[in-house]
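Enquirer: Sequence first, then the predicted structure:
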Amino acid sequence: MSTDTAAEPDTSFSQRLWREGEPTYRQILTHPFLLGLADGTLPREAFRYFVVQDSHYLRAYSRCLALVAGRSPVEDAVRTFALHAANAVDVERELHASLLGELGITEADVEDAGVAPTTLAYTSYLTSVCATGSWAEGVAAVLPCYWVYREVGRTLVERSSPDPLYARWIATYGSPEFDAVVDQVLTVTDALDVSATEQARCREHFAVTTRYEWMFWDAAWRQYAWPV
Ligand SMILES: Cc1ncc(CN)c(N)n1
């Protein structure tokens with residue numbers, strides 16, 4: 001195990017990663033996009049932007065999961081990430097297909113909208129870490145995408161939203177099925193055998209991709225487009 005686990009024997013690796021993202025996570029919970037989603041006041045245009053960009057994001061994300069699966073030295077983890085690359089993203093794709101349909105957005109509209117700056121920055125970062133970092137770095141980089149959404153889902157699901165579309169989005173991430181998917185990845189994370197140097201890099205990736213999660217909602221809220 002890592003050289004610095006002895007310093008914190010009762011703290012799991014995933015909990016140490018979470019600490020790096022926690023200040024950002026607290027700001028995520030009070031972001032106007034999520035407050036609006038929960039109370040039903042989120043403008044449709046912001047939600048449309050989000051769903052379209054998330055379609056682009058998930059295409060890149062499933063490739064990142066396939067990269068993480070292929071680079072795993074642990075067979076169980078190969079299976080977990082390969083299944084997630086196919087199935088877990090499928091579940092979200094189904095959600096998107098139904099949301100896109102109800103919002104009147106076609107596949108052609110998604111293509112025409114193109115990849116917005118924040119989506120490109122986030123997916124480029126993920127792809128580069130998953131392709132060129134160590135296996136553990138890849139796991140740490142993809143983890144906030146699972147974990148932040150689960151925590152947001154858990155927080156919002158009790159009160160849900162008066163808007164049925166927003167309620168459906170909340171229900172997906174607050175569901176026991178999504179919970180189980182995230183638990184699988186946390187199990188892999190806590191079994192990682194990482195040196196102190198690698199742990200530091202993992203913590204940095206976790207902090208960065210948690211910030212990108214905030215930025216992704218913020219870009220939708222502002223409908224941030226290429227300035228030139
Ligand atoms: C940007 C983003 N981050 C996370 C998730 C949840 N897998 C998502 N669908 N999109």
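Expert: That came through fine. Numbering: from 1, shown residues only.
Enquirer: For P162, pull up the helix or strand it's in.
Expert: Using DSSP states H and E, P162 sits in no helix or strand.
Enquirer: That one contacts G40, doesn't it?
Expert: Yes - counting by Cβ atoms under 8 Å, P162 touches G40, with 4.0 Å between them. Bear in mind the C-beta positions are built from the backbone N, C-alpha and C, glycine included.
Enquirer: Who's the closest spatial neighbour of H84, skipping the chain neighbours?
Expert: Ranked by Cβ to Cβ, 6 or more residues apart in numbering and with sequence neighbours excluded, the top spatial neighbour of H84 is L65, at 5.2 Å.
Enquirer: So that neighbour: helix, strand or coil?
Expert: Three-state call for L65 (DSSP: H, G, I helix; E, B strand; the rest coil): helix.
Enquirer: Check the spacing between it and the ligand real quick.
Expert: Using Cβ to the nearest ligand atom, to the nearest Å, L65 is found at 10 Å from the ligand.
Enquirer: what's the burial count for that residue?
Expert: If you count neighbours by other Cβ atoms under 10 Å, L65 ends up with 25.
Enquirer: Equivalent analysis for D190, please.
Expert: 12.
Enquirer: Just read off the phi/psi values of it.
Expert: phi -70, psi -10 (degrees, to the nearest 10).
Enquirer: Next, the residue nearest to it when sequence neighbours are not counted: phi, psi?
Expert: Of all residues not flanking D190 in the chain, S12 sits nearest, at 4.8 Å (Cβ to Cβ, 6+ apart). Main-chain torsions, S12, degrees, to the nearest 10: phi -70, psi 160.
Enquirer: Tell me how far S12 lies from I28.
Expert: Here S12 is placed at a distance of 22 Å from I28 (Cβ to Cβ, to the nearest Å).
Enquirer: and the helix-or-strand element of the chain with minimal mean pLDDT, does that touch the ligand?
Expert: Among the helices and strands of the chain, helix 89-103 carries the lowest confidence by mean pLDDT, DSSP states H and E, at a mean of 84. Yes - applying Cβ under 6 Å from any ligand atom, one finds helix 89-103 touching the ligand at E92.
Enquirer: List the buried residues for that helix?
Expert: 89, 92-93, 95-96, 99-100 (16 or more other Cβ atoms under 10 Å).
Enquirer: Now distance to V182 too, for those, in a markdown table please.
Expert: Output for those, formatted as a markdown table (distance: Cβ to Cβ, whole Å):
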| residue | distance to V182 |
| --- | --- |
| V89 | 14 |
| E92 | 13 |
| R93 | 18 |
| L95 | 16 |
| H96 | 19 |
| L99 | 21 |
| L100 | 24 |
